[in-house]
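Q: I would like to see how this sequence folds:
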Amino acid sequence: MNLIAAVDKNWSIGYMGDLLYHIKEDMKFFKSKTDGKVVVMGRKTLESLPGGMPLSNRINIVLSSNKDFAAPGCIVCRSFPELFEKIKAYDSDDIFVIGGESLYNMLMPYCKYAYITEVDAAKEADKAINNISKNPSWRLVYQSEVKNDGKVNFVFKTYQNTMIRKM
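A: Numbers count the residues shown, from 1 in each chain. Modelled structure (predicted):
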């Protein structure tokens, strides 16, 4: 399993149900990494997607403890044991955790790679993830050159988890 996210200098990821930054190149990167793969998200992340609809050309798995929650076009899991059982059917390299905050932080120890777009800026935020760059279990294995979308500088980084927790 992998993790993919865009973070700011404080490892913040969102504010009031939206991403902090909408960087076209980051969106293309996200699509190229997850297209044809399995994406795992929480209910609020699904609801924040355009039209609250699942991402096309992906297997969408949503974790929600709400027994009444239904999501057409998605596989809904009610617990971590159920999620872990469901994802056994897929190649772990093809599974990407895409949010939100609590799901990122809870599943981070089970992820092999984290594909992080680090934005060289900070905004008001109400959602953040654990800073992998300061975690000794994670090591930086790739960093792109500095890029700019006309507003902010950013880099693509890949971190590898050296102490993956078994599911």
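Q: what is the residue nearest to Tyr90 when sequence neighbours are not counted paired to in the beta sheet?
A: Leaving aside its sequence neighbours, Tyr90 sits nearest to Val38 (C-beta to C-beta, 6 or more residues apart in numbering; 5.0 Å). No exception for glycine: its C-beta is placed from N, CA and C like everyone else's. Val38 has these beta-bridge partners by DSSP bridges: Ile59, Ile95.
Q: for Asn131, see how far away Val38 is.
A: Note on Val38: its distance to Asn131, by C-beta to C-beta, to the nearest Å, is 26 Å.
Q: contacting residues around stretch 55-74?
A: Residues outside stretch 55-74 that contact it (C-beta atoms under 8 Å, 6 or more residues apart in numbering): 34-43, 46, 49, 53-54, 75-80, 83, 86-87, 90, 103.
Q: just the buried residues from the residues you listed, in ChimeraX please.
A: To isolate the buried subset of the contacts of stretch 55-74 in ChimeraX, counting by 16 or more other C-beta atoms under 10 Å, use the following:
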select :34,37,38,39,40,41,42,43,46,54,75,76,77,83,86,87,103
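Q: in helices, which of the contacts of stretch 55-74 appear?
A: Within these, residues falling in helices by DSSP state H are 34, 43, 46, 80, 83, 86-87, 103.
Q: alpha carbons of the helix or strand harbouring Phe154, in CSV - could you do that?
A: Element membership for Phe154, per DSSP states H and E: strand 153-161. What follows is strand 153-161, C-alpha atoms only, in CSV (Å, rounded to 0.1, in the frame of the first residue of the first chain):
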residue,chain,number,x,y,z
ASN,A,153,7.2,26.5,-5.6
PHE,A,154,6.8,22.8,-5.1
VAL,A,155,8.7,19.5,-5.3
PHE,A,156,7.7,15.9,-5.8
LYS,A,157,9.3,13.6,-3.2
THR,A,158,9.1,9.9,-2.6
TYR,A,159,9.7,8.5,0.8
GLN,A,160,10.1,4.8,1.6
ASN,A,161,9.0,3.2,4.8
